[in-house]
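K.L.:
any chance you can model this:
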Amino acid sequence: MKVHFISIGGSVMHQLAIALHQKGYQVTGTDDEIFEPALSNLAQAGLLPATIGWDPALIDASLDAVILGMHARADNPELLKAKALGLKIYSFPGYIYQESLQKKRVVVGGSHGKTTTTSMIMHVLNQQEQAFDYLVGAKLTGFEQSVQITDAPIIVCEGDEYPASAIEKQPKFHFLYPHIAILTGIAWDHINVFPTFDFYLEQFVIFMNRIEKGGMLIYNAADPELSALVNQHKRTDIQYQPYEVPKHQINHGITTVELAGVVGELSVFGDHNLMNCQAAYYACAALGISAEQFLLAMANFTGASKRLELLASNHQMNIYRDFAHAPSKVKATVQAVKHQFPNRKLYAILELHTYSSLNADFMQEYKGALDAVDEGVVFYAKHALALKKLPDLPANKVIEGFDKAGLIVINEPSDLEKWVLAIPSEGINILFMSSGNYDGLNINSLAEAIIQNNSEG
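P.N.:
Okay, here's the model as predicted:
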């Protein structure tokens, strides 16, 4: 097989390129910019383009497939040539489907919890030494890559609802046609992609209708929007498995969960993770894994990167980082930490970084998201607004939207660092939430500095 990647430097595109190279395919690719870690990963695999930029000369009739990254434009010269030659052109998920035609496909969709739920399934299958392929949106302990394509009989995919490519405007999860599907919940976000809630809901209806006959939909019955959608669009040719928060106990910061009458300890915590765990269990059970096997494997699952990731700790405090940025994710993450450690004060720092979160009209969606926080900061860089060509976001609009007493708005990383370093260091937890990088502020180093200051004190 000869495969060419247009926009090979993407976070998942370069991982797929490496996976196909490892499978024995002849792989080429181009991009107009390639950053770390893709740069080093491609170089190590011998796939780094000799020059940066597009090269239509690489597009010829010998190619079996051209894979188009979502950041490549419709007028890309390589894409235009591929079309002129009548070559097979795929979006990333479209090609994943082609590689998985003979596999049992497990696809995890939903507005939140996709990465963690996918990671849980992968972790358990790995612990059980089952052969499987995968596609996941984060770096996981025990897995060298975020994409693997072999001849394994199963593939586990994180399926997101955002457009696949410049010429395939459909959501990525529409291409995957699962045998086992999970929907973790529905919360409207990314208003630049989904301008109305009804349009957003429609994408999930299409996904449910593309579950293979005889398949299964595992869905979060605690989510009223999702439950209503499932009940309105029920099919007679698939199974339905609802789930909610399973039976559990919390003792001294340790969560014990009960699944199918079997009890086991978890390293992760929070109602959202307990629901993710329940969903992952039902998927694994459909793949032949018992509750005992599942919980034995889950005992050492510590989570995906940036999902309630413990950055630093001592006997007086824990410092966490989480990818949460949408309102529902922020609320769930905050409540999880507060519920797990009810006797500790919680200091939370949320960065507004996405198009939606930096939009003044969207602020009302965050109402109540930080209510469980003892002291809270909302941070956003002014030049992030400029990059997204958005008007200024006044601090009073943010405070009004969150409706949180005492909320502080900060725009400069240096001011944020000073605020964090001034936090009292006894009996507390600190939670950083962002899909960005706090305008270049090194959160890992800051966490270490906080712990060091506490030790010296």
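
K.L.:
give the contact list for the most centrally placed residue in the chain.
P.N.:
By C-alpha atoms, centre = their mean, the mean C-alpha position of the chain lies nearest to Thr115, the distance being 4.3 Å. Listed by C-beta atoms under 8 Å, 6 or more residues apart in numbering, the contact set of Thr115 reads Val136, Gly137, Ala138, Glu158, Ala304, Arg307, Phe323. The way it works is simple: take the backbone N, C-alpha and C, and place the C-beta from them, glycine included.

K.L.:
ok, Ile250 next?
P.N.:
Contacts of Ile250 (C-beta under 8 Å, 6+ apart): Thr256, Phe269, His339, Gln340.

K.L.:
circling back to that earlier point, closest to Gly69 out of the contacts of Thr115?
P.N.:
Gly69 has its nearest neighbour among the contacts of Thr115 in Gly137, at 15.0 Å by C-beta to C-beta.

K.L.:
that older thread, most neighbours among the contacts of Ile250, which one is it?
P.N.:
Neighbour counts for those, by other C-beta atoms under 10 Å, peak at Phe269, which reaches 21 neighbours.

K.L.:
that one in helix, strand or coil?
P.N.:
Classification of Phe269 using DSSP: H, G, I helix; E, B strand; the rest coil returns coil.

K.L.:
quick one: it and Phe341 touch, right?
P.N.:
No: using C-beta atoms under 8 Å, Phe269 makes no contact with Phe341, being 9.2 Å away.

K.L.:
quickly list what's touching both of these two.
P.N.:
By C-beta under 8 Å, 6+ apart, the residues touching both Phe269 and Phe341 are Gly253.

K.L.:
Leu226 and Tyr219 touch, don't they?
P.N.:
Yes: with contact defined as C-beta under 8 Å, Leu226 counts as touching Tyr219 (5.8 Å).

K.L.:
which ones are touching Met70?
P.N.:
Ser7, Gly10, Ser91, Phe92, Tyr162, Pro163, Ala164, Ser165, Ala166.

K.L.:
need phi/psi at the fourth one.
P.N.:
Read it as Phe92. Backbone torsions for Phe92, taken as degrees, to the nearest 10, come to phi -60, psi -50.

K.L.:
same check, this time on the first one
P.N.:
Taking degrees, to the nearest 10, you get phi 80, psi 50 for the backbone angles of Ser7.

K.L.:
now the third one
P.N.:
According to degrees, to the nearest 10, the main-chain angles of Ser91 amount to phi -80, psi 170.

K.L.:
OK, contacts around the closest residue to it other than its chain neighbours?
P.N.:
Spatial nearest neighbour of Ser91, chain neighbours left out: Ala164 (3.6 Å); criterion: C-beta to C-beta, 6 or more residues apart in numbering. Contact analysis of Ala164 by C-beta under 8 Å, 6+ apart lists Met70, Ser91, Phe92, Pro93, Gly94, Gln170, Pro171, Lys172, His174, Phe175.

K.L.:
in a helix, the fourth one, correct?
P.N.:
Meaning Pro93. Yes: assessed by three-state DSSP, Pro93 belongs to a helix.

K.L.:
buried set for the lowest-mean-pLDDT helix or strand in the chain?
P.N.:
Lowest mean confidence among the helices and strands of the chain (mean pLDDT, DSSP states H and E): helix 443-456, at a mean of 84. Within helix 443-456, the residues that count as buried by 16 or more other C-beta atoms under 10 Å are Ile443, Leu446, Ala447, Ile450, Ile451, Asn454.

K.L.:
who touches it?
P.N.:
Applying C-beta under 8 Å, 6+ apart, the contact partners of helix 443-456 are 311-314, 316-317, 319, 321, 417, 420-421, 423, 425, 430, 432, 437.

K.L.:
lowest-confidence one in those residues?
P.N.:
Among these, Ser425 carries the weakest pLDDT, at 80.

K.L.:
gap between the residue nearest to Ser91 and Ile67?
P.N.:
Distance of Ala164 to Ile67, computed by C-beta to C-beta, to the nearest Å: 11 Å.

K.L.:
shared neighbours, these two?
P.N.:
Shared contacts of Ala164 and Ile67 (C-beta under 8 Å, 6+ apart): Ser91, Phe92.

K.L.:
okay, and which of the contacts of Thr115 map to strands?
P.N.:
Glu158 (DSSP state E).

K.L.:
which of the contacts of Thr115 scores worst on pLDDT?
P.N.:
Least confident of the contacts of Thr115 in the model: Ala304, at 74.

K.L.:
Leu80: which of the contacts of Met70 is nearest?
P.N.:
For the contacts of Met70, the residue nearest Leu80 by C-beta to C-beta is Ala166; the value is 11.5 Å.
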